[in-house]
Every structure is written in structure tokens, then in C-alpha cells.
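K.L.:
sequence? don't have it. structure:
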């Protein structure tokens, strides 16, 4: 597992170094597409191959969750792009120029590949735990549900507070600038906190789903916790690279205004959705098929 993560890290660093020196304002390279082809596509292919060796149930569950993620990401991308939650800066990164429902093709490639990476990690970690006979955490169901319900209600309350602060009459003119360390900034439209609300509500909804679900699947706490930690770090690295190069740039009018570099702070807990949703879909599909136990 460590070797695989180091390999991904080496690919990430290699791409980051290459695009930093190869791309210029007059000679732009398709950096976004290059990243997807080097740092995401091989791992997606690996996921399919890994699933194929673990039985029919795992293969079908993988295809089910991958299809669901593609469908969900399509809706999110169309709503977010057309709702001006973010925009793309081709001034630095050359896009293919192909758009679907107003969204660059690169975006539709990115989300299914990136999110499926969390399922690959989950399968990987579950296999690691299974081989070594490492037991699950000893957490009583009531305590587990309380640990999920409390933050779910907290995120929901924050979403309500943010919604109250919206000001649709406050219109900002289009502003596309580059600030500090070459980080692009973008503002347009009314003050709607659209991305902030999306992040808070998605985390709250996923926590509620876990709260309602009975733990009859192989969704082990140890595996989920470890995968969440690794995947959130990977998301952070990808976000820093993406926002720094203008692959996507968040609209100031649609975020809280609290930043970590070019990343809104509300995006950080939302990374959990990319772990919880696909793994839950994966395990739900396997449960329907009547297969239990670690992959």
C-alpha cells in the first residue's frame, strides 16, 4: 500500500514539475488533461482490474458505484458551472474546447476518476486488514450513530445560517485576477454562497445516510478512517494544483470567503463525501447481491 501511494505521489510531483516549466502564457499546455491521464486514469484501470480478481459481487458493485458517481457528478458539474460556483481559466491551462451542457469535457473526466480512487483505496485497505486479521474498532452502535448524528446536525445548522446570509440583490461584476503566488481569483453574480451550501449539505446528508444504515456490510471503521485520511490529503494536493493553474477557480460570491490558498475551507469537509458516498454505494450493491465480508 505504501509503495502504491509513493508511486502516485511521484506521478503527482512529476506532473506538477513538468507543467510548471513546460507551460508559458504564449505556449499553453493541456495541463488538466495531462494530470488526468497520468495521475488518475491508471489508478481507475487498476481499480477495475483489482475488482475483476475479487469475484462477481465486487465487479458488479464497482460498476454500479462508478456509474452512480458518473451520473451524480454530471448533475453537480452542470449545476455548479451554470450556477457560477466556479469558472475555468484557459489563459494558463489550455482546454480541449469540448463542452457538454456548458461544462468542459475535462471536468466530466476528472470527477469519476478522482472519486473512484477512494474505492480503490477502500478495496486495498480492506484487503490489507483482512490478510493481517486486524479487528474492527470496538464501538457500540449507539455511540457510532451519535458520533455521526451530532456533526450531521451541526453541518445542517451551519447551512441554515449561511442560507440566511445570502444576498441575491448584491451583484458583483465579473472580475478575473491573479493574486499572490500566482493564485487566480474570480468573482461574478449575486452573493449566493452556492458552493458553501453544497458542501455543508452534502456532508450532512452523507452522515445521516450512515446514521440510518445498519452495519451489516463490510464497511469497516478502520478501513473508512484510514481511506478518509489518505484521500483527503490527496484531494488537498489536487486542489492546490488545480486552483493554482486555473483548472477551476471558485467564485468569491459563492463561497464563504475563508481560504486555504485557492481553496475555500468548506471544501475540506466536503472531501469526506467523495469517500463516504462511493464506498456506501459499493457496499450497498454488494449487500443486495447477498455477498458479505471483506473484499
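P.N.:
That came in fine, so what should we check first? Given the structure is predicted, the values throughout are model-derived calculations rather than measurements.

K.L.:
Contacts for the helix or strand hosting residue 44, please.
P.N.:
Secondary structure here is read from DSSP states H and E; on that basis residue 44 sits in helix 41-52. Applying CB atoms under 8 Å, 6 or more residues apart in numbering, the external contacts of helix 41-52 come out as 8, 11, 58-59, 61-62, 112-113, 116-117, 119-120, 123-124. In this view, the C-beta of every residue, glycine as well, is placed from N, C-alpha and C.

K.L.:
can you pull out the helices in the stretch 51-200 of the chain?
P.N.:
Taking DSSP state H, counting those that start in this stretch as the test, the helices found in the stretch 51-200 of the chain are 56-82, 105-132, 141-164, 194-212.

K.L.:
hang on, the earlier thing: now the helix holding residue 44: buried residues?
P.N.:
Under the neighbour-count criterion of 16 or more other CB atoms under 10 Å, helix 41-52 has 43-44, 47, 50-51 buried.

K.L.:
Work out the gap between that helix and the centre of the chain.
P.N.:
Relative to the mean C-alpha coordinate of its chain, helix 41-52 is positioned 18 Å out (CA atoms, centre = their mean, to the nearest Å).

K.L.:
That one to helix 56-82, inter-axis angle?
P.N.:
When axes from the mean of the first three to the mean of the last three CA atoms, to 10 degrees is applied, the directions of helix 41-52 and helix 56-82 differ by 150 degrees.

K.L.:
What average pLDDT does helix 41-52 get?
P.N.:
When pLDDT is averaged over helix 41-52, the result is 87.

K.L.:
how many neighbours does residue 153 have?
P.N.:
When counting by other CB atoms under 10 Å, one arrives at 13 neighbours for residue 153.

K.L.:
quick one: the nearest residue to it once chain neighbours are set aside from residue 140, how far?
P.N.:
Computed as CB to CB, 6 or more residues apart in numbering, the closest residue to residue 153 that is not its neighbour in sequence is residue 204, at 7.7 Å. Applying CB to CB, to the nearest Å, one obtains 23 Å for the distance of residue 204 from residue 140.

K.L.:
The two: who's more crowded?
P.N.:
Under the neighbour definition other CB under 10 Å, residue 204 and residue 140 were set side by side, and residue 204 has more, 21 against 8.

K.L.:
Hmm, residue 160 and the more buried one touching each other?
P.N.:
No - judged on CB atoms under 8 Å, residue 204 makes no contact with residue 160 at a distance of 10.3 Å.

K.L.:
Tell me the spacing between residue 258 and residue 265.
P.N.:
Residue 258 sits 4 Å away from residue 265, taking CB to CB as the criterion.

K.L.:
my bad, should have said residue 206
P.N.:
As defined by CB to CB, residue 206 lies at a distance of 18 Å from residue 265.

K.L.:
quick one, which of those two is more surrounded?
P.N.:
For residue 206 versus residue 265, the count of surrounding residues by other CB under 10 Å is larger for residue 206: 21 against 14.

K.L.:
With adjacent residues omitted, what lies nearest to the more buried one?
P.N.:
Of all residues not flanking residue 206 in the chain, residue 276 sits nearest, at 4.4 Å (CB to CB, 6+ apart).

K.L.:
How about the strand or helix carrying that neighbour, which residues are buried there?
P.N.:
Taking DSSP H and E as the definition, one finds residue 276 inside helix 273-288. Residues of helix 273-288 classed as buried: 273-287 (neighbour count, 16+ other CB under 10 Å).

K.L.:
quick one, it and helix 194-212 angle?
P.N.:
Relative orientation of helix 273-288 versus helix 194-212 (the same axes, to 10 degrees): 30 degrees.

K.L.:
for this structure, which spans come out with low pLDDT?
P.N.:
Low-confidence segments of the chain, defined by pLDDT under 70: 1, 24-26, 136-139, 141, 181, 213-219, 290-295.

K.L.:
Grab the most central residue of it for me.
P.N.:
Compute the mean C-alpha point of the chain, and by CA atoms, centre = their mean the closest residue is residue 274, 4.4 Å away.
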